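**Student:** below is the structure, and that's it, no one-letter string:
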C-alpha cells in the first residue's frame, strides 16, 4: 500500500479521538486561488498550549487493526473497514517531513491494539524515542497509552512524550462492561494512578528526568449508553480529583457502519457535548460541584436550551440579585455572563470606586444576561422577573437536526 493511501486511512481513523482540541475554524482551501494551504481533510488537528498558542499536530493512528471488539469503535475487530498499518520508521519520517514543511509543530499518535498491548505500546514508544534521540525532535508529542501495557513501557512513553492519555471510554463501569467487555475499568484507573505518581515524582524532584510534563488526559464517549450527564460529570470529578488529569474530553457518539444492535440509531444532539464542556469548565474554574450542575432528583440531564450556569442561577433565584460592589469573588463567579477575567477586573475596579451600570457596558459583559442577576449603584432588577420568563428570554437558538 502506498504511503499516501495509508495516511488517508489512518488519519481519517484518528478523527474519532477528541483528546486533541480543535481550533474550530471553518474549512477552506486554496484550490483555484493560486495560493497555498488548506484546513480541510483529516490528518492535522489543532491543540492549545497553556499560554494560548495554537499548535498544529499530525494526528494519526499507527494502525487501525485491533484485537478488541468494542461495540462503539469503527476500528473494532469485527468491523469491515479498510485496514492499514504504518511502520515506526514511516511515522517518524512523516512527522519530520511535515515539520520541515511547516505544516505541523508536533505529533498526536494513537493506535489500535495489535498482537498484544505490550507490542503495540513498544511501537508507539519506538516512534517517540526515535524522534527525540535519533533526530533531536523538539516538537510536541502526545501518545495514547495502553492501560494493559507493562509499567516499564508506560514509563518509557512518559520520558519521550509531552502528554500521555488513557481513554476511560465510557462514563460508568456498567457501560464499559456492556459495550467493551474486553476492557476493565480497574486496569484503566490503575494505569492512570501510576501515571499520576510518575508525573508528581518528576515535578517534585528538580533533577528527576522529565516525565510527561504536559500531564495526562482522557476521553469519554457520550450518548452510546444510558449514562446521564450527572453520571458523566461525577466520573469527571473523580478523574480530576484522584488522578489530577489536565483535561477530560467529551465525544458525542457517532453512528458507525455495521453497528451493534445495542447502540442507539441516532447520535445525541451535539449541543449536549457542548453543555458538558461548559459544565466541565464550571467545575474546574468556577467552583461548581457536579451535584450543583446536575442536581439529584431529576433525570440528570443538562438543559439544552440554556447554559449550565444560567440553569443553576434560575434554580436559585433566592441568591440573586448579587451586589457587584459587595459580593465575594466566588459569588460573582456564579453570576450568568460573568467570566473569571471580568470578575477580577470588577474587584480591582471597586477598590477605587463603586461600580455603576455603565461600567458593566464598558467591561463588555452580555448585559441582557447579567442585568437580571446583579445590582449596581444605579441598577436593581425587577423583582417580578420570574425564572420562567428569564428562561424564555435568555435561551439560546435551537440547533437544527443535522441528521433529519
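**Tutor:** Right, received. Where do you want to start? What you see is a predicted model, and the numbers here were worked out from it, not measured in a lab.

**Student:** hey, where'd the strands end up in this protein?
**Tutor:** Secondary structure of the chain (DSSP state E): strands at 44-48, 54-61, 106-110, 140-144, 163-165, 216-222, 247-252, 322-323, 374-375.

**Student:** residue 278 is nearest to which of the ones you listed?
**Tutor:** Closest to residue 278 of the strands of the chain is strand 247-252 (Cβ to Cβ; 10.5 Å). C-beta: built from backbone N, CA, C; applies to glycine.

**Student:** count the neighbours of the residue nearest to residue 56 when sequence neighbours are not counted for me.
**Tutor:** What sits nearest to residue 56 in space, not counting adjacent residues and going by Cβ to Cβ, 6 or more residues apart in numbering, is residue 104, at 4.8 Å. Residue 104: 24 surrounding residues under other Cβ atoms under 10 Å.

**Student:** hmm, residue 104 is touching residue 94, no?
**Tutor:** No: using Cβ atoms under 8 Å, residue 104 is not in contact with residue 94, being 9.5 Å away.

**Student:** okay, buried residues for the lengthiest helix in the chain please.
**Tutor:** As assigned by DSSP state H, the longest helix anywhere in the chain is helix 185-204. Across helix 185-204, burial judged by 16 or more other Cβ atoms under 10 Å covers 185, 188, 189, 191, 192, 194, 195, 196, 198, 199, 202.

**Student:** quick check, central residue of the chain?
**Tutor:** residue 249 (2.5 Å; Cα atoms, centre = their mean).

**Student:** thinking again about what came up before, which residues touch the residue nearest to residue 56?
**Tutor:** Applying Cβ atoms under 8 Å, 6 or more residues apart in numbering, we find residue 104 in contact with 44, 56, 57, 58, 95, 98, 139.

**Student:** in contact with the fifth one, which residues are there?
**Tutor:** Right, residue 95. Contacts of residue 95 by Cβ under 8 Å, 6+ apart are 58, 104, 107, 127, 131, 137, 139.

**Student:** what do you get for the last one?
**Tutor:** With contacts defined as Cβ under 8 Å, 6+ apart, the neighbours of residue 139 are 95, 99, 104, 105, 106, 107, 131.

**Student:** once you drop chain neighbours, what's closest to the last one?
**Tutor:** Leaving aside its sequence neighbours, residue 131 sits nearest to residue 137 (Cβ to Cβ, 6+ apart; 3.9 Å).

**Student:** just the fifth one next, same as before
**Tutor:** The shortest distance from residue 106 to any residue other than its chain neighbours is 3.0 Å, reached at residue 140 (Cβ to Cβ, 6+ apart).

**Student:** just checking, that neighbour touches residue 128?
**Tutor:** No: between residue 140 and residue 128 there is no contact, the gap being 11.2 Å when judged by Cβ under 8 Å.

**Student:** who has more neighbours out of these two?
**Tutor:** Between residue 140 and residue 128, counting by other Cβ under 10 Å, residue 128 is the more crowded of the two (26 against 19).

**Student:** joint contacts of residue 104 and residue 94?
**Tutor:** Joint contacts of residue 104 and residue 94 (Cβ under 8 Å, 6+ apart) are residue 58.

**Student:** follow-up on the earlier one: make a markdown table from the strands of the chain and add distance to residue 285 and mean pLDDT to it.
**Tutor:** Output for these, formatted as a markdown table (distance: least, Cβ to Cβ, whole Å; pLDDT from 0 to 100):
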| stretch | distance to residue 285 | mean pLDDT |
| --- | --- | --- |
| strand 44-48 | 15 | 67 |
| strand 54-61 | 20 | 86 |
| strand 106-110 | 25 | 93 |
| strand 140-144 | 23 | 93 |
| strand 163-165 | 20 | 94 |
| strand 216-222 | 16 | 94 |
| strand 247-252 | 12 | 93 |
| strand 322-323 | 18 | 96 |
| strand 374-375 | 20 | 95 |
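
**Student:** any chance of those strands in CSV, with distance to residue 179 too?
**Tutor:** Converted to CSV, the strands of the chain look like this (distance: least, Cβ to Cβ, whole Å):
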stretch, distance to residue 179
strand 44-48, 25
strand 54-61, 20
strand 106-110, 19
strand 140-144, 19
strand 163-165, 20
strand 216-222, 8
strand 247-252, 14
strand 322-323, 44
strand 374-375, 45
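
**Student:** so for residue 332, which of the ones you listed sits nearest?
**Tutor:** Between these, strand 322-323 lies closest to residue 332; by Cβ to Cβ that is 6.5 Å.

**Student:** partner strands of the closest one and their direction?
**Tutor:** Sheet pairing for strand 322-323, assigned by DSSP bridges, gives strand 374-375 (parallel).
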